[in-house]
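1. Next one to model:
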Amino acid sequence: MEITFLGTSSGVPTRSRNVSSVALRLPQRAEVWLFDCGEGTQHQLLRSELRSSQIRRIFVTHMHGDHIFGLMGLLASCGLAGSAQAIDIYGPPGLDDYIRACSKYSYTYFSHRVKVYSVSPGLVYEDEDFTVSCLLLKHRVPAYGYRISEKDRPGRFNVEKAVELGIPSGPLYGQLKRGETVTLPDGRKIRGADLCGETEIGRKIAYCTDTIYCDSAVELAEDADVLIHEATFSHGEAQMAFESLHSTSTMAAQVALAAKVKQLIMTHFSPRYTPGNSMDVKDLLEEARAIFSNTILARDFFVYEVPRRRMVEENLKVST
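-> Numbering: from 1, shown residues only. Presented below is the predicted three-dimensional model:
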């Protein structure tokens, strides 16, 4: 699982930051899932190592322009490119009407299959490897945060030991790999758990923007390997954050601390925090780290590989 930040500015783009979009690459299935699609996202994709032909799902948090204005351009380009990949889009009620209206009045025909699903709090999507759920955050319009959970997988199956025990290959191996207990023709009962290594704990990612500090964000981020959280304002401009229902750097850190996440990545920065101004994003990083030390700043085209849980735990043991 690899996260690529395609846009990290809030509201409007800047010379160095585009508006919101985050890509999750799933190399094991050659798929890319997008979270939000601000204006210019397709240009950002062209400048990245990602392939738009691999986009399979798009999750939209809310209907503000800096999160959706790039959606139609991207879909139209995929259609012109003749991509056969179906794209499923998930977002707040009204998203389907928006896409249909844009398609109608721009005379845009999607040569590929596009389906739009309206989300509500709870499970949004599930397959054999992942679940995606959402909750309402606290913003000026209905805005959803998403939690992506990779399912736990059995550890490596010990084929050598199975052969030593005289277990015939075939369907029995599949049952044992799934952790089931099987009965052999000679009456012996074999537990799959005895032939499999340590369970591989699935990774978890939470994506929370746009929102002020709220309990829903903490719930979505609980025990996550990575929390991607907006930090539009500095702590000193908390009043502005409350008025606009956006987060400060310290609010993002408080969510991470309360949820006991492994890593906080802040994004969605106001254009006011640029070098040469009284404060820049490095100041926001210092504010957040005073509360939650495992905090880093996102920048456009920043790539973060989500480590496997077992690897993280081993690293923590070494460091302590």
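
2. For the most far-flung residue of the chain relative to its centre, give me the pLDDT.
-> Within the chain, D186 marks the point farthest from the mean C-alpha position, 48.7 Å out by Cα atoms, centre = their mean. In this model, D186 is scored at 87, pLDDT.

3. Secondary structure element for M266, which one?
-> Using DSSP states H and E, M266 maps to strand 263-267.

4. now swap in A206 and tell me
-> Using DSSP H and E, A206 sits in strand 204-208.

5. circling back: for T211, see how far away the residue farthest from the centre of the chain is.
-> The gap separating D186 from T211 is 60 Å, by Cβ to Cβ, to the nearest Å. C-beta here means a position set from N, CA and C on the backbone, and glycine is covered the same way.

6. sorry, back to before: next, the angle from whichever helix or strand comes after the strand holding M266 to strand 263-267.
-> Downstream of strand 263-267, the next assigned helix or strand under DSSP H and E is helix 281-289. Angle, helix 281-289 to strand 263-267, by axes from the mean of the first three to the mean of the last three Cα atoms, to 10 degrees: 140 degrees.

7. about what we covered before: ok, now how distant is the residue farthest from the centre of the chain from P271?
-> Distance from D186 to P271, by Cβ to Cβ: 73 Å.

8. Quick check: can you list the domain ranges of this protein?
-> Per automatic domain parsing, the structural domains of the chain span 2-153+200-319, 159-195.

9. Which positions in the shortest one come out as buried?
-> When you say that, I think you mean domain 159-195. For domain 159-195, burial by neighbour count (16 or more other Cβ atoms under 10 Å) applies to 162, 167, 172-173, 176-177, 182, 190, 192, 195.

10. next one: stretch 290-301
-> If you call a residue buried by 16+ other Cβ under 10 Å, then stretch 290-301 has these buried ones: 291-292, 295, 297-298, 300-301.

11. Tell me which of the residues you listed fall in strands.
-> 295, 297 (DSSP state E).

12. now L75, what's its secondary structure?
-> helix (DSSP: H, G, I helix; E, B strand; the rest coil).

13. ok, it - contacts?
-> When contacts are counted by Cβ atoms under 8 Å, 6 or more residues apart in numbering, L75 touches 87, 99, 108, 110, 114.

14. go with 10 Å
-> Contacts were defined as Cβ atoms under 10 Å, 6 or more residues apart in numbering; by that measure L75 touches 37, 42, 55, 58, 83, 87, 89, 99, 102-103, 108, 110, 112, 114.

15. I'd like the distance between C78 and V281.
-> Remark: distance between C78 and V281 (Cβ to Cβ) = 32 Å.

16. pretty sure S10 is touching H246, no?
-> Yes - between S10 and H246 a contact is recorded at 7.3 Å, counting by Cβ atoms under 10 Å.

17. These two: which has the busier surroundings?
-> S10 (29 against 25; other Cβ atoms under 10 Å).

18. How about the contacts made by the more buried one?
-> 17, 19-20, 38, 64, 66-67, 209-210, 230-233, 244, 246, 267-273.

19. What confidence value was assigned to it?
-> Turning to S10, the model gives it a pLDDT of 96.

20. again with T199
-> So T199 comes in at 81 (pLDDT).

21. Any chance you could list what contacts stretch 190-198?
-> Residues outside stretch 190-198 that contact it (Cβ under 10 Å, 6+ apart): 153-162, 165-167, 172-184, 199, 310.

22. what about that stretch, how long is it end to end?
-> Here the two ends of stretch 190-198 are set 17 Å apart, with distance taken as Cα to Cα, to the nearest Å.

23. Stretch 256-265 now?
-> Stretch 256-265 stretches 10 Å from its first residue to its last (Cα to Cα).

24. buried residues in it?
-> 256-259, 261-265.

25. and those residues, which two are the farthest apart?
-> With Cβ to Cβ as the measure, no two of the buried residues of stretch 256-265 lie farther apart than A258 and I265, at 16.6 Å.

26. so where's the stretch 201-320 of the chain shaky on pLDDT?
-> Within the stretch 201-320 of the chain, the set of residues satisfying pLDDT under 70 comprises 310-320.

27. The same query, at a cut-off of 90, please.
-> Along the stretch 201-320 of the chain, segments meeting pLDDT under 90 span 274-279, 308-320.

28. Taking the buried residues of stretch 290-301, tell me the two that lie furthest apart.
-> Using Cβ to Cβ, the pair of the buried residues of stretch 290-301 lying farthest apart is I291 and F301, separated by 27.2 Å.

29. Am I right that T8 is in contact with V22?
-> Yes - taking Cβ under 10 Å as the definition, T8 is a contact partner of V22 at 8.8 Å.

30. Residues that sit against both of those two, list them.
-> Overlap of the contact sets of T8 and V22 (by Cβ under 10 Å, 6+ apart) consists of 265, 267, 298.
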